[in-house]
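Colleague: Mind folding the following:
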Amino acid sequence: MDVIFDHVVVRYDTQKSNALGPVDLMVRGGECVFISGPNGGGKTTFARVMAGIIAPFRGTLRLADGTPRDKWPPDYVGWLQQEPEHQVVGITVEDDVGLSALWHASTHQEAQERTNRALEATQLERLRHRAAETLSGGELHRAAVAGILAQNARIVVADEPETMLDGWGKQQIFDILHHVKRLGATLFIISHDAQWAQLADRYLWIEEGNVQEMRYQALATRLADEWKGFVEQLKSLTGQQDLDTWDIKEMSQYLWRS
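Modeller: Model prediction:
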C-alpha cells in the first residue's frame, strides 16, 4: 500500500528549528527509495518516523487508505538499524529469528515455517544453532534481516546497511534486500554508498531536514562531492594523506580505532 507523508514535521525538544520537514511525499507500494545526505541532515530521523519511534510534531504519516502511523499493524514496518547487534537478542540464530516469527505468527507451525523461510533466504540455515554472540558483522546483519523477514514486514527501512561490512558481506546484504524487493515489500535504504542506489526506483537527498527528490546522476555527483569533502577534512585533522584510496569500510574502521 502507498505511504503518504502529509506535511510531516519533526522537531526535538531541544531544537527551535525542524529536524525534518515539512515533508510532502508519496511512495508507491513496492517501490525502493534510496536516501542520502550529509550527517545530521535528518536521514535517521526519517527512519525513526517510519519505524514509529518518533511521532511527527506536525502533519501526518499515513497509508493510502488513511490509516495513520500509530494505527499501523505492529508487523508492518521492519527497521534494520545501523548496529544490528542491538536487534539480535536470542541465544542462538534460530532462537532470535523464531522470536520474531512467534511474535507475529498466529500459530506455532506458522512461526516455524516463517523461521525456516527467513533462515533460507538469508543463507543462515547452517548457522541456525550458532550462538548469536559469536556471529561476525555480516552474519549479524543477515540475522537481523532474517528477523524482519520472519516478521513479514510490508515496509523495510535499512539505515546504513553497509556499516562495518567488507565487500562480500555487503554483497550478501545487497542480494537479500534485492530478494525483499522482489517479494513486493516497500524499501527505504539510507546510505552514503551509491551501490545501494542500484536497487532503487527513486532517490531522495535529505539535508538540514529538507527532503529533495533527485535524478540518479545528480545524486551520484552530490555523493562524490560529499565524500571528497569528508576525506579532505579527515586529512587535515589526522595528517593521514593516503585516505583517497580507502573504501568506506576501511575509513569506518580507522575512525572507530581512533
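Colleague: only C-alpha atoms for contact and neighbour calcs from this point on.
Modeller: Will do.
Colleague: Roughly how far does the nearest residue to residue 211 once chain neighbours are set aside sit from residue 193?
Modeller: Nearest-residue entry for residue 211: residue 205, 5.8 Å, with adjacent residues in sequence omitted and distances by CA to CA, 6 or more residues apart in numbering. Here residue 205 is placed at a distance of 13 Å from residue 193 (CA to CA, to the nearest Å).
Colleague: sorry, back to before: and the residue nearest to residue 211, what are its bridge partners?
Modeller: When bridges are called by DSSP bridges, residue 205 pairs up with residue 36, residue 212.
Colleague: cool, and residue 63?
Modeller: residue 3.
Colleague: where does it land on pLDDT?
Modeller: Note on residue 63: pLDDT of 97.
Colleague: And residue 77, by the same measure?
Modeller: Listed pLDDT for residue 77 reads 95.
Colleague: quick one: contacts for it?
Modeller: Counting by CA atoms under 8 Å, 6 or more residues apart in numbering, residue 77 touches 50-51, 153-157.
Colleague: which among the residues you listed gets closest to residue 39?
Modeller: Residue 39 lies nearest to residue 157 out of those, by CA to CA, at 17.5 Å.
Colleague: Look up how far residue 29 lies from the residue positioned nearest the centre of the chain.
Modeller: Closest residue to the average C-alpha location of the chain: residue 158 at 1.1 Å, with CA atoms, centre = their mean. Using CA to CA, residue 158 is found at 16 Å from residue 29.
Colleague: Who is residue 159 paired with across the strands?
Modeller: Under DSSP bridges, the beta-bridge partners of residue 159 are residue 190.
Colleague: wait, it sits on residue 80?
Modeller: Yes - using CA atoms under 8 Å, residue 159 is in contact with residue 80, at 6.1 Å.
Colleague: In contact with the residue nearest to residue 18 when sequence neighbours are not counted, which residues?
Modeller: Nearest-residue entry for residue 18: residue 11, 4.7 Å, with adjacent residues in sequence omitted and distances by CA to CA, 6+ apart. Neighbouring residues of residue 11 by CA under 8 Å, 6+ apart: 17-20, 56-57.
Colleague: What pLDDT is listed against residue 242?
Modeller: 65.
Colleague: can you pull out the helices in the stretch 1-150 of the chain?
Modeller: Listed in chain order, the helices of the stretch 1-150 of the chain (DSSP state H, counting those that start in this stretch) span 43-51, 93-104, 108-121, 137-151.
Colleague: any idea which of the ones you listed is most buried?
Modeller: Counting by mean count of other CA atoms under 10 Å, helix 137-151 has the highest mean neighbour count of the helices of the stretch 1-150 of the chain, with a mean of 26.
Colleague: Can you check what angle separates that helix from helix 108-121?
Modeller: Angle of helix 137-151 versus helix 108-121, following axes from the mean of the first three to the mean of the last three CA atoms, to 10 degrees, is 140 degrees.
Colleague: name the helices or strands packed onto helix 137-151?
Modeller: Under the contact criterion of 3 or more CA pairs under 8 Å, 6 or more residues apart in numbering; DSSP states H and E, helix 137-151 touches strand 77-80, helix 93-104, helix 108-121, helix 167-182.
Colleague: try 7 Å this time
Modeller: Packing partners of helix 137-151 (3 or more CA pairs under 7 Å, 6 or more residues apart in numbering; DSSP states H and E): strand 77-80, helix 93-104, helix 108-121.
Colleague: Hey, what's the angle from that helix to helix 93-104? Just curious.
Modeller: On the basis of the same axes, to 10 degrees, helix 137-151 is oriented at 30 degrees to helix 93-104.
Colleague: quick one: contacts of helix 137-151?
Modeller: The contact list for helix 137-151, computed with CA atoms under 7 Å, 6 or more residues apart in numbering, reads 75, 78, 80, 84-85, 87-88, 93, 97, 100-101, 104, 114-115, 118-119, 122, 164-165, 169, 173.
Colleague: do the same with stretch 173-182
Modeller: Surrounding stretch 173-182, the residues in contact under the criterion CA under 7 Å, 6+ apart are 30, 122, 142, 187, 199.
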